[in-house]
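[1] Quick one: sequence and predicted model below, then my questions.
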Amino acid sequence: MFNHAPENYKCPICLGVQGIESENTLLKQVDLVYKDDLVSVYINSFWLKTVEGHVIVVSNEHYENIYEMPEKFGHHIFDMTKKLAIAMKSAYQCDGITVRQNNEPASNQHAFHFHQHVFPRYKGDLYEKQSPETKFLSEPQTRLQYVEKLKDALAKT
């Protein structure tokens, strides 16, 4: 329902969840913060300059968007998002959290696999002023420090 993935789409998120690193995905296994039977959490590869280290919460099974997401995945994604928000507040000392989830190209969905973004927010960070064109590809080694901070904070929740 309401699918936009092209024919023969190589889902970059499915590859990441399966542990496959290739030219078809930017997700690296070092980006993995958390994984269970239903969901995985990764430090996102693309960052906005003032809110670095945001995560994506993804379903381990392929669902393109919220319209086809089974409730058991949706509920678990929400529960995990809440845990991450609390962990992120502690680990990053941020002032707030923004949760964002896009469906279909008109909403700027770029990977056709459900994924929910959790951004750390800081007073005066200009998040709303940044356009999608201002995002930049972070380095895996830089992302690792955020992975470690969030894993430590999650272990304490």
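    Structure received. Residues are numbered from 1 along each chain as shown.

[2] beta partners of residue 43?
    residue 55 (DSSP bridges).

[3] show me what contacts it?
    When contacts are counted by Cβ atoms under 8 Å, 6 or more residues apart in numbering, residue 43 touches 31, 33, 53, 54, 55, 143, 146, 147, 150. C-beta coordinates here come from the backbone N, C-alpha and C atoms, glycine included.

[4] right, and residue 127 touches residue 52 too?
    No. If you go by Cβ atoms under 8 Å, residue 127 and residue 52 don't touch, sitting 11.4 Å apart.

[5] Okay, now the unreliable bits of the chain?
    132 (pLDDT under 70).

[6] Break down it into its strands, ranges please.
    Assignment of strands within the chain using DSSP state E yields the ranges 32-35, 39-43, 46-47, 55-59, 96-101, 115-121, 136-137.

[7] Could you measure from the residue most central in space within the chain over to residue 15?
    Centrality entry for the chain: nearest residue to the mean C-alpha point is residue 56, 0.9 Å, by Cα atoms, centre = their mean. Separation of residue 56 from residue 15 (Cβ to Cβ, to the nearest Å) stands at 14 Å.
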